[in-house]
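Trainee: Got a predicted structure here, sequence first:
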Amino acid sequence: MLLSQKDINDYKEKGYLFFPSFLSSHEIIQLNTELSILIKEESIKVYEKNEKTIRSLHAPNLQSVVFDDLQSDPRLLEPAMQLLESEVYVHQYKVNLKAAFDGDVWKWHRDYIFWQKEDGLPKSLLTNVVVYLDEVTEYNGPLMLIPCSHNVEMKNSRVKGDINQNNNEEWLNHLSADFKYTIDNKEIKTLVDSYGIVAPKGPSGSVLFFHPELAHASAPNLSPYNRNIAIITYNSISNTPIQESKRPDFLANKNYSPLKVKIIEKGR
């Protein structure tokens, strides 16, 4: 799929694009079947504070052909290349699982500061592609975005000390509910007063593209319905790290080879 010029202009202005019902129900069933297997296996998982509920599952492409194929799907990869105006590779790939009743908050933040400070990426030449594995409603903790905030300079990102700095797992503090880089509440209010908040909601199979400098967050999931989303972060091949990241490969992929578009079989 190729984006129209209007799509590209909207992305540049607002920082996101949303396409409801983008993937078929059959494809979502396949992805969720694979996810259920990965949850049971020795995959790379981060847990909520209760130490029982899975918060995120990383690098699913390394253990699942279905998830691996998804990152090269032309409906995702071609628009990413258009938005970044170059070939791309995947910097990070994860599934965020906001479990029914127990899925915790993701505080207001921007993604690029993590990739700049922790991984050495020189510019914000990345885009996040979010695939809704479940229906996302106003009740199950939808991703909230502040439109246009990717074009606003922020001064008050709050940096917290590494809770896990003594056990060689500092990266856990980048993924927990109390993660390292967040945005000052006063600055969020100023942004929302100017630009508002949107929360793209839609059925499973919907797809969201958003800029890595866009301020975003999500509330806890108090509903009885899961809100699982796969997030593929594409990086321009012109934006490889100026120094190798110390974080694990599943957080900062060190294979910078450009992805090739997968040919989709007829009738899919």
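Mentor: Yep, that arrived.

Trainee: the helices in the stretch 151-268 of the chain, which residues?
Mentor: 185-195 (DSSP state H, counting those that start in this stretch).

Trainee: Show me the shaky parts of it.
Mentor: By pLDDT under 70, the weakly predicted segments of the stretch 151-268 of the chain are 155-158, 160-178, 264-268.

Trainee: If we use 50, what do you get?
Mentor: The model of the stretch 151-268 of the chain has pLDDT under 50 over residues 163-168, 267-268.

Trainee: Which stretches in the stretch 151-268 of the chain count as strands?
Mentor: 157-159, 181-183, 207-210, 216-218, 227-236 (DSSP state E, counting those that start in this stretch).

Trainee: who touches the third one?
Mentor: Yep, that's strand 207-210 we're talking about. 11, 15-19, 22-23, 75-76, 79-80, 83, 127-132, 143, 145, 200, 216 (C-beta atoms under 8 Å, 6 or more residues apart in numbering). Quick note: C-beta positions are derived from backbone N, CA and C, even for glycine.

Trainee: mind listing which of the residues you listed are in helices?
Mentor: Filtering those for membership in helices, criterion DSSP state H, returns 11, 75-76, 79-80, 83.

Trainee: Derive a PyMOL selection command for the buried subset of those.
Mentor: Buried subset of the ones in helices among the contacts of strand 207-210, written as a PyMOL selection, criterion 16 or more other C-beta atoms under 10 Å:
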select buried, resi 11+75+76+79+80+83
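
Trainee: how close does residue 36 sit to residue 95?
Mentor: As judged by C-beta to C-beta, to the nearest Å, residue 36 and residue 95 stand 11 Å apart.

Trainee: what about the stretch 1-150 of the chain, any weak spots by pLDDT?
Mentor: For the stretch 1-150 of the chain (pLDDT under 50), the answer is none.

Trainee: related to what we said a few turns ago, okay, residue 36 and residue 95: which has more neighbours?
Mentor: Per other C-beta atoms under 10 Å, whichever of residue 36 and residue 95 has more neighbours is residue 95, with 24 against 10.

Trainee: So what's the residue count around the nearest residue to residue 255 once chain neighbours are set aside?
Mentor: Ranked by C-beta to C-beta, 6 or more residues apart in numbering and with sequence neighbours excluded, the top spatial neighbour of residue 255 is residue 89, at 6.8 Å. Residue 89 is flanked by 18 other residues according to other C-beta under 10 Å.

Trainee: Tell me the buried residues in stretch 4-22?
Mentor: Going by 16+ other C-beta under 10 Å, stretch 4-22 has these buried residues: 7-8, 10-11, 14-19, 22.

Trainee: no, scratch that, I was asking about stretch 37-53
Mentor: Result for stretch 37-53 [16+ other C-beta under 10 Å]: buried residues 38, 43-44, 46, 48, 53.

Trainee: Tell me how far that stretch lies from the chain's centre.
Mentor: 18 Å (C-alpha atoms, centre = their mean, to the nearest Å).

Trainee: What is the end-to-end distance of that stretch?
Mentor: 16 Å (C-alpha to C-alpha, to the nearest Å).
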